[in-house]
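J.: Model the following, please.
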Amino acid sequence: MADFGIAQIVNKPDQEMTSTEVVMGTLAYMSPEQKLSSANVNLTTDIYSVGIMIYEILIGQKPLGKFKMPSEINPKIDKRFDEIVSKCLAQEPADRFQSAVELKDAILNIVSRQASASGAQQKKVSTSDSFVGKCQYLETLKETKHSSTVLVENKETHELYVIKTKERSDSGLKEARIFRNARHKNIIRVIGAGGDAGKMVIMMEYAPGGTLADRMVKTYPFEKAMEIVIAGAEALEFAHGNGVIHGNLRPSNILFTRDDAVKLSDFGFPPHYSLMDKNWYAPPEKKTSKQGDIYALGVILYQLMVGKNPAYDSSGQVYLGDIRKEVPVGIQKIVRKMLALRVSQRYTEAAGLLKDWDAYQQSLVEPKVGKIDGGIQGGKQRRNHRIKFAIIFGSLGLFIIATLVTIFLFK
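T.: Here you go, the predicted structure:
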């Protein structure tokens with residue numbers, strides 16, 4: 001795909017209409033709100049355009065005016081495509097699919113059922129039957145000379161899984177077997193792992209939200225960046241506690257569920273960098289360790305906020321540049337400690353990072369608490385002063401009365 005953002009005119013007034021001959025896109029693929037103003041476009045505007053393309057693929061023509069559903073034109077087309085087209089082309093944005101993930105899952109559901117009905121199988125997934133029963137191939141997600149990653153569906157439960165196969169190696173197999181039994185909310189769920197003399201196979205849950213690498217086209221506010229990184233740190237703390245080092249943490253190994261929950265994957269897998277490429281996520285000491293994982297997570301945090309790979313000044317301190325104006329000092333300290341070149345100055349474990357994050361969050365609350373406490377203390381002090389004054393004046397009054405009585409009696 002190309003030409004992202006061209007159809008949305010920047011700095012045009014909200015009332016500017018297509019009728020004024022402002023070029024905003026191809027009319028045949030434009031949603032109703034986009035035809036009115038470029039200021040109205042959002043994620044569902046793209047969903048509308050995709051719906052037109054789906055219709056065109058199925059029927060061979062664009063849906064114009066009061067159009068018929070695909071199955072009405074061609075009875076051989078699954079009626080569930082009618083539902084997808086109808087939802088994509090809803091007039092109101094709120095009635096459409098609200099994300100590309102949701103639309104993708106709906107299409108995959110139809111494709112998988114059709115494959116099941118036709119008995120279509122893919123030889124690459126025949127080895128997966130021992131894990132979750134009979135599975136059927138849906139899509140090849142990635143394929144290299146030495147490995148492949150495919151998406152499959154359990155025909156009985158209709159759950160989606162990812163199967164990774166690669167040439168026989170112990171790298172990643174031990175770790176996968178550990179996570180088959182040890183579960184954490186921020187680590188991808190492993191269904192099964194095994195292999196023979198020639199191949200290693202790992203089956204895991206499918207994360208339809210894609211990878212962090214897919215989402216790094218722009219920088220993140222430090223709050224959102226820290227949200228992702230802290231989820232990763234919690235996963236690392238759990239993994240390290242179970243004797244597992246990731247060793248190759250990078251954006252492509254950070255996945256998202258449908259609800260955007262963060263999941264780490266591929267623990268123990270070897271790096272896949274050519275000799276011509278630099279592994280920016282490898283620690284300076286070039287060792288696989290807990291601190292190496294923390295350094296890699298720090299690089300990811302830096303990339304999320306700055307949009308570049310980490311740079312260091314002459315003293316060896318990581319250079320934060322313009323983000324120093326936007327990022328609180330407490331977060332800057334965390335970044336520097338994660339990316340310290342010297343191991344002795346870096347976090348020794350993820351728990352230390354999480355502790356500093358908790359301390360930062362607490363610092364945002366303490367001033368308010370202090371103000372409330374100060375008000376309470378001030379109120380107590382004022383009440384104490386009033387009591388003291390009452391006692392003093394009361395005593396003075398009693399003294400005067402006693403004096404007057406004495407004078408009166410002995411006069």
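
J.: Report the buried residues of stretch 304-311.
T.: By neighbour count on 16 or more other CB atoms under 10 Å, the buried set for stretch 304-311 is L304, M305, V306, P310. In this view, the C-beta of every residue, glycine as well, is placed from N, C-alpha and C.

J.: Mind checking which of the residues you listed land in helices?
T.: L304, M305, V306 (DSSP state H).

J.: For stretch 42-60, which residues meet the burial criterion?
T.: Buried residues in stretch 42-60, counted by 16+ other CB under 10 Å: 44-52, 54-55, 58-59.

J.: Repeat that for stretch 291-308.
T.: Neighbour counts over stretch 291-308 (16+ other CB under 10 Å) mark 291-306 as buried.

J.: With stretch 270-290 instead?
T.: Neighbour-count burial for stretch 270-290, counted by 16+ other CB under 10 Å, picks out Y281, A282, P283, T288, K290.

J.: Just send these back as a markdown table, with secondary structure, distance to K155 and pLDDT too.
T.: As requested, these are exported to a markdown table (DSSP: H, G, I helix; E, B strand; the rest coil; distance: CB to CB, whole Å; pLDDT from 0 to 100):
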| residue | secondary structure | distance to K155 | pLDDT |
| --- | --- | --- | --- |
| Y281 | coil | 38 | 93 |
| A282 | coil | 42 | 92 |
| P283 | coil | 44 | 94 |
| T288 | coil | 39 | 93 |
| K290 | helix | 41 | 97 |
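
J.: Pipe the residues you listed into a markdown table and attach distance to A340 per row.
T.: As requested, the buried residues of stretch 270-290 are arranged in a markdown table below (distance: CB to CB, whole Å):
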| residue | distance to A340 |
| --- | --- |
| Y281 | 15 |
| A282 | 15 |
| P283 | 10 |
| T288 | 18 |
| K290 | 14 |
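
J.: so where is the stretch 251-400 of the chain shaky, pLDDT-wise?
T.: 272-277, 367-400 (pLDDT under 70).

J.: please redo it, this time with the cut-off set to 90
T.: 258-259, 269-280, 286, 314-316, 320-326, 364-400 (pLDDT under 90).

J.: which residues in it form strands?
T.: In the stretch 251-400 of the chain, the segments counted as strands under DSSP state E, counting those that start in this stretch are 254-256, 262-264.

J.: do the same with the stretch 51-200 of the chain
T.: Using DSSP E, counting those that start in this stretch, strands in the stretch 51-200 of the chain cover 135-143, 147-154, 160-167, 190-195, 199-205.

J.: mind giving me the domain ranges of the chain?
T.: Listed by automatic domain parsing, the domain ranges of the chain are 18-98, 119-205, 212-348.

J.: any chance of those domains in CSV, plus distance to A2?
T.: Compiled in CSV, those are given as follows (distance: least, CB to CB, whole Å):
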stretch, distance to A2
domain 18-98, 13
domain 119-205, 22
domain 212-348, 13
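
J.: Tell me which of those lies nearest to I107.
T.: Proximity to I107 (CB to CB) singles out domain 18-98 among the domains of the chain, at 6.7 Å.

J.: Looking at that closest one now, give me its mean pLDDT.
T.: Average pLDDT, domain 18-98: 85.

J.: buried set for stretch 100-110?
T.: V101, L103, A106, L108, N109.

J.: What about K355, how many residues nearby?
T.: 12 (other CB atoms under 10 Å).

J.: about what we covered before: quick check: which of the strands of the stretch 51-200 of the chain is nearest to I178?
T.: Closest approach to I178 among the strands of the stretch 51-200 of the chain (CB to CB): strand 190-195, 8.4 Å.

J.: Hmm, S171 is touching P270, no?
T.: Yes. S171 is within contact range of P270, at 4.9 Å (criterion: CB atoms under 8 Å).

J.: What separation is there between the residue nearest to W357 when sequence neighbours are not counted and M216?
T.: Sequence neighbours aside, I230 is the residue nearest to W357 in space, at 5.7 Å (criterion: CB to CB, 6 or more residues apart in numbering). Counting by CB to CB, to the nearest Å, the gap from I230 to M216 is 17 Å.

J.: who has more neighbours, these two?
T.: I230 (21 against 14).

J.: Report the lowest-confidence entry in the buried residues of stretch 100-110.
T.: Lowest pLDDT among these: N109, with 77.

J.: rewinding a little: secondary structure element holding the residue nearest to W357?
T.: Per DSSP states H and E, I230 falls inside helix 222-241.

J.: how distant is that helix from the center of its chain?
T.: Distance of helix 222-241 from the chain centroid (CA atoms, centre = their mean, to the nearest Å) equals 11 Å.

J.: Extract the CA atoms of that helix and return them as CSV.
T.: Output in CSV follows, covering the C-alpha atoms of helix 222-241 (Å, rounded to 0.1, in the frame of the first residue of the first chain):
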residue,chain,number,x,y,z
PHE,A,222,5.9,8.9,26.8
GLU,A,223,2.8,7.7,28.7
LYS,A,224,1.8,5.3,25.9
ALA,A,225,5.4,4.2,25.3
MET,A,226,5.9,3.4,29.0
GLU,A,227,2.6,1.5,29.1
ILE,A,228,4.0,-0.9,26.4
VAL,A,229,7.4,-1.1,28.0
ILE,A,230,6.1,-1.7,31.5
ALA,A,231,4.0,-4.6,30.2
GLY,A,232,7.2,-6.0,28.6
ALA,A,233,9.1,-5.5,31.8
GLU,A,234,6.4,-7.5,33.8
ALA,A,235,6.8,-10.3,31.2
LEU,A,236,10.6,-10.2,31.6
GLU,A,237,10.3,-10.3,35.4
PHE,A,238,8.2,-13.4,35.2
ALA,A,239,10.4,-15.0,32.5
HIS,A,240,13.6,-14.3,34.4
GLY,A,241,12.1,-15.6,37.6
